[in-house]
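Asks: Sequence plus predicted model, see below.
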Amino acid sequence: MSCKDMDRLIQLYVDQEINEQEHEELRHHIAGCESCLTSLTEMVTLVSSLDEIRQHELSNRPVPFVNHFLKWMVVTAVILLFVTGGPSLLTHRNTGLDQEAVTLDDEVVLPSKITVLATKKEDLHIPESGNIEVISPRLQPLKSIKIGGQTALIYPSAMPFLADKDQNWVRSMKRLVFVHVPDQETLEHLFSSVGIAMEDKDAKGMEETTFPTSIILTTGDHPRWRTFSFPENKQKVVHWFDKVASTSTIH
């Protein structure tokens, strides 16, 4: 089977809808394909990050930055067990959470609206979907924009337009995603636009970030952020958007 076929199986795997035969086909393929193994790792990391952020939203209290290290231990364990034919840890990734908590696996969530800020010169792929709205800050000031939904993605071409600290629209967002942040200075400007300063405890770990990087940030009384690898090819970007749209925020 081709790598294109593996994209579908990877999606089934992270959605926990893969059957035994498909699981074996995927395991056999990634044992000799570094590219597909990387794709699987990225998707598992995304799911782990979203679950971790949701746990933080449910508890509504700061979570130690050491969880970032623990998350990577879990991701590594998932991949190692997968390659060696062991059971999937994704099935049990929410074990230990409050039983009253509504988790990604326990609920059926309709795709939520996602707003993408990007100019017409943007190079990165933006999927075409009824739940995705693309707004160009070059055509209208961000202060005057009424952005719907709870999630906004800021693509590289839109980042220069967020230099102004007075970004009222940010207050209505529950989740912000900064895609391909090029350097530390840009990250500081972006964090400042949502009310996070370098000296704040919510910015802890920022100085350890390597660039370029992408970041998922949830707003609220205790902002929570995590770095991740934004997909490279179009099909993976589409699946990534689907995952984010189907994962609701809490606060």
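Replies: All right, it came through fine. Numbers count the residues shown, from 1 in each chain.
Asks: where in the stretch 151-251 of the chain is pLDDT low?
Replies: 163-167, 198, 201-203, 248-251 (pLDDT under 70).
Asks: An error on my part: the question was meant for the stretch 1-150 of the chain.
Replies: Regions of the stretch 1-150 of the chain meeting the criterion pLDDT under 70 cover residues 49, 51-110, 139-145.
Asks: Please report phi then psi for the residue lying closest to residue 173 once chain neighbours are set aside.
Replies: In space, and not counting its chain neighbours, residue 173 is closest to residue 152: 5.1 Å by Cβ to Cβ, 6 or more residues apart in numbering. For every residue, glycine as well, the C-beta is placed using N, CA and C. Phi and psi for residue 152, reported as degrees, to the nearest 10, are phi -130, psi 130.
Asks: Surely residue 152 and residue 174 touch.
Replies: No. Look at residue 152 against residue 174 with Cβ atoms under 8 Å: they stay out of range, at 9.4 Å.
Asks: The residue nearest to residue 173 and residue 41, how far apart?
Replies: Distance from residue 152 to residue 41, counting by Cβ to Cβ, to the nearest Å: 26 Å.
Asks: sorry, back to before: what's the neighbour count on the residue nearest to residue 173?
Replies: 24 (other Cβ atoms under 10 Å).
Asks: List the contacts of it.
Replies: Counting by Cβ atoms under 8 Å, 6 or more residues apart in numbering, residue 152 makes contact with 114, 115, 116, 117, 173, 175, 176, 177.
Asks: what's near enough to touch the first one?
Replies: Residues in contact with residue 114, defined by Cβ under 8 Å, 6+ apart, are 131, 132, 133, 149, 151, 152, 153, 241, 244, 245.
Asks: Mark which of the residues you listed are part of strands, please.
Replies: The strands, defined by DSSP state E, take in 132, 133, 151, 152, 153 from the contacts of residue 114.
Asks: What subset of those residues is buried?
Replies: The neighbour count (16 or more other Cβ atoms under 10 Å) marks 132, 151, 152, 153 as buried among the ones in strands among the contacts of residue 114.
Asks: sec struct for residue 210, please.
Replies: coil (DSSP: H, G, I helix; E, B strand; the rest coil).
Asks: can you count the residues close to it?
Replies: The burial count for residue 210: 7, using other Cβ under 10 Å.
Asks: Kindly report the same for residue 32.
Replies: For residue 32, the neighbour count with other Cβ under 10 Å is 8.
Asks: any idea which element it lies in?
Replies: Assigned by DSSP states H and E, residue 32 belongs to no helix or strand.
Asks: what do you get for residue 35?
Replies: helix 34-59.
Asks: wait, doesn't residue 216 sit right on residue 223?
Replies: No. The pair residue 216 and residue 223 fails to qualify as a contact (Cβ under 8 Å) at a distance of 11.1 Å.
Asks: Do a quick rundown of the strands in the stretch 1-150 of the chain.
Replies: Assigned by DSSP state E, counting those that start in this stretch, the stretch 1-150 of the chain shows strands spanning 114-117, 132-135.
Asks: Format those strands as JSON lines; extra columns: distance to residue 161.
Replies: Formatted as JSON lines, the strands of the stretch 1-150 of the chain follow (distance: least, Cβ to Cβ, whole Å):
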{"stretch": "strand 114-117", "distance to residue 161": "8"}
{"stretch": "strand 132-135", "distance to residue 161": "10"}
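Asks: Over to the nearest residue to residue 215 once chain neighbours are set aside. Which of the three states is it?
Replies: In space, and not counting its chain neighbours, residue 215 is closest to residue 178: 4.6 Å by Cβ to Cβ, 6+ apart. Taken by three-state DSSP, the conformation at residue 178 corresponds to strand.
Asks: what are the bridge partners for residue 178, then?
Replies: residue 154, residue 215 (DSSP bridges).
Asks: State the pair within the contacts of residue 114 that is farthest apart.
Replies: Distance extremes for the contacts of residue 114: the farthest pair is 133 and 244 at 14.0 Å, using Cβ to Cβ.
Asks: thinking again about what came up before, compare residue 216 and residue 223 (neighbour count), which wins?
Replies: Between residue 216 and residue 223, residue 216 has the larger neighbour count (other Cβ under 10 Å), namely 22 against 19.
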